[in-house]
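Asker: Let's see this in three dimensions:
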Amino acid sequence: MTDVAQREAVSVAPDAQVSPGASKESAALGLVRPEVTKPRSRSRRWTVTLRTLVPAAVLGLWWLLTGTGVIPATKLSSPATTWDTLVNLLLHQDLLGDLGISVARAATGLAIGASIGLALGITVGLFSLGEELIDSSMQMFRTVPFPAVIFLFIVWFGIGETAKIALIALATLFPMYLNASNGVRNVDRKVVEAARSFGLRGRQLVRHVVIPLAMPSILTGLRFATGISVIALVFAETINANKGIGYLVSQAASFNQVPVLVVCIIVYALLGIVADLLVRLLERSLMPWRGQVAVR
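Answerer: You can find the predicted model right below:
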């Protein structure tokens with residue numbers, strides 16, 4: 001019976017090879033050591049090529065449609081005209097200064113809104129009393145579109161920077177709150193109990209166990225919040241702005257300057273890409289182990 005069992009074990013995986021570290025006894029029984037094959041990763045050059053494929057196709061289609069006159073210049077400027085306008089704005093109209101003002105507004109509002117959302121989310125996720133007091137109100141207010149409160153903020157804060165930053169903070173508060181509270185709620189309670197058995201309590205438990213385990217959801221909320229901060233910036237800079245990208249948009253719309261509008265749209269898009277890239281880099285720094293456990 002032993003010989004039959006050995007032959008059956010060998011016949012189950014006829015192509016399998018015994019690894020060098022396998023014991024002689026395992027080799028005699030026909031057993032093999034399983035080897036995990038790592039997925040093949042693409043080269044950096046190939047990855048960059050794939051990432052630029054769709055933008056390059058969009059640029060080519062844009063060039064074709066505007067160059068052949070399918071889309072007239074009064075509707076959409078050509079890439080060449082847009083480039084010339086960009087250079088003119090950089091050299092003669094202080095585009096970088098306006099960009100810096102807009103970035104400062106978005107970053108300040110994001111910092112305030114995301115911090116409040118994170119604090120409220122952790123409170124609601126940790127304490128049932130916090131959920132009973134806060135969650136229902138947050139769920140109610142998050143359905144109110146933030147552009148709808150622009151005029152109310154003007155009445156409260158005036159037409160200065162405070163109203164603009166408050167609007168961005170309001171827009172970024174809710175995505176951070178939702179993801180942070182959901183991440184804390186979904187922390188494995190067995191891990192928490194194990195940490196308590198080792199003497200962790202209170203702030204130490206939250207800092208060393210709860211927050212690290214909820215970090216994926218928190219960073220997802222931050223990614224959403226950074227994207228929404230750029231969208232809110234567009235609306236915020238309609239509040240009597242005399243500097244910033246929104247000011248350029250309003251001026252270009254008043255004088256029907258299509259190339260300037262296209263440049264401003266591209267700048268907003270690049271702001272969103274850069275913001276998302278920064279959060280991705282932060283994710284790699286705070287959670288280096290994620291690259292080892294990801295499916296792809």
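
Asker: Any regions of the stretch 1-150 of the chain where pLDDT drops low?
Answerer: Judged by pLDDT under 70, the stretch 1-150 of the chain has its weakly predicted residues at 1-44.

Asker: how's this structure carved up into domains?
Answerer: Listed by automatic domain parsing, the domain ranges of the chain are 1-37, 44-76, 82-293.

Asker: Now the shortest one: buried residues?
Answerer: Along domain 44-76, these residues count as buried under the neighbour rule (16 or more other Cβ atoms under 10 Å): Trp62, Thr66, Leu76. From N, CA and C alone the C-beta is placed, and that goes for glycine too.

Asker: Please tell me how far Arg223 sits from Asn179.
Answerer: 9 Å (Cβ to Cβ, to the nearest Å).

Asker: Return the backbone torsion pair for the residue lying closest to Gly272 once chain neighbours are set aside.
Answerer: The spatial neighbour of Gly272 that comes closest, neighbours along the chain excluded (Cβ to Cβ, 6 or more residues apart in numbering), is Val230 at 4.8 Å. Main-chain dihedrals, Val230, degrees, to the nearest 10: phi -70, psi -40.

Asker: and Val230, how many neighbours does it have?
Answerer: Close neighbours of Val230, defined as other Cβ atoms under 10 Å, add up to 24.

Asker: so it sits right up against Ile273, yeah?
Answerer: No: Val230 is beyond contact range of Ile273, at 9.7 Å (criterion: Cβ atoms under 8 Å).

Asker: how about Ile231, what does it touch?
Answerer: Ala171 (Cβ atoms under 8 Å, 6 or more residues apart in numbering).

Asker: Which helix in the chain has the most residues?
Answerer: Ordering each helix of the chain by length in residues (DSSP state H) puts helix 95-126 first.

Asker: Can you mark which positions in it are buried?
Answerer: Residues of helix 95-126 classed as buried: 95, 98-99, 101-103, 105-110, 112-114, 116-118, 120-126 (neighbour count, 16+ other Cβ under 10 Å).

Asker: got a pLDDT number for the closest residue to Ser77 other than its chain neighbours?
Answerer: What sits nearest to Ser77 in space, not counting adjacent residues and going by Cβ to Cβ, 6+ apart, is Pro259, at 4.0 Å. Looking at Pro259, its pLDDT reads 88.

Asker: Pro259 is in what secondary structure piece?
Answerer: In the assignment (DSSP states H and E), Pro259 maps to helix 258-286.

Asker: In terms of secondary structure, what does that helix contact?
Answerer: helix 79-92, helix 95-126, helix 211-236, helix 245-254, helix 290-293 (3 or more Cβ pairs under 8 Å, 6 or more residues apart in numbering; DSSP states H and E).
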